[in-house]
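K.L.:
Could you look at this predicted model? Sequence included:
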Amino acid sequence: MDFSQLQSISDICLLVQDLDRSVVFYTEKLGFTVTRRTEGFAAFNSRSVSLVVWQTNHVPDEPRAPSLTPALREEHKACLSVKLPSAAEVDALYAGLSERGIPFTRPPADYPWGARCCYFTDPDHYMWEIYSDIPAG
């Protein structure tokens, strides 16, 4: 059986430089709830996939972890996407998160691939996308 068919993805783990800074961002700015926290590690409650942040110098059996540096804004390595039911909900969430100080790159816009999207980054420059499919045409 192919790896992709074994199970659904259960966790997204982000390697971060400063665990405390990330916990503050994900709880106070985005509203996640911490479900488990140990030295160098925090897991957050999410609807379908667990979101985990690991401080780079606490990743087990990873000799390169302490030397990892955060990606520059121009060098995103991943984009985490959250799909909403409608374009209006994208706009509303954008407005609410902007009021909380989330650093969006620009307001929501309609893109040629059939989605209304907006993007922001977390303290370690991981890119997040909020989007909704929009009718073609």
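P.N.:
In hand now; what should we look at? Residues are numbered from 1 along each chain as shown.
K.L.:
what ranges do the strands span in the chain?
P.N.:
Ranges of strands in the chain, per DSSP state E, are 11-16, 34-38, 41-44, 50-55, 79-83, 109-111, 115-121, 127-133.
K.L.:
Which of those strands sits closest to G96?
P.N.:
When the strands of the chain are compared by Cβ to Cβ, strand 127-133 sits nearest G96, at 10.6 Å. Where C-beta positions appear, they are placed from N, C-alpha and C, glycine not excepted.
K.L.:
ok, the closest one: who's next to it in the sheet?
P.N.:
Partner strands and pairing direction for strand 127-133 (DSSP bridges) are strand 79-83 (parallel), strand 115-121 (antiparallel).
K.L.:
quick one: contacts of the longest one?
P.N.:
Contacts with strand 115-121, where a contact means Cβ atoms under 8 Å, 6 or more residues apart in numbering, come from 73, 76, 79, 87, 90-91, 94, 97, 102-111, 127-134.
K.L.:
how near is Y26 to T33?
P.N.:
Separation of Y26 from T33 (Cβ to Cβ, to the nearest Å): 9 Å.
K.L.:
who's more crowded, those two?
P.N.:
Taking neighbours as other Cβ atoms under 10 Å, Y26 and T33 compare with Y26 leading, 21 against 10.
K.L.:
How about the more buried one, nearest residue that isn't a chain neighbour?
P.N.:
In this structure, Y26 finds its nearest non-sequential neighbour in F32, 4.5 Å apart by Cβ to Cβ, 6 or more residues apart in numbering.
K.L.:
and if you look at S46?
P.N.:
F32 (6.9 Å).
K.L.:
Would you agree the one you found is in contact with F44?
P.N.:
Yes. Between F32 and F44 there is a contact at 3.9 Å, judged by Cβ atoms under 8 Å.
K.L.:
Can you pull the poorly scored residue ranges out of this protein?
P.N.:
Along the chain, segments meeting pLDDT under 70 span 1, 60-76, 137.
K.L.:
how about a cut-off of 50?
P.N.:
Along the chain, segments meeting pLDDT under 50 span 64-67, 73.
K.L.:
All good on my end, thank you.
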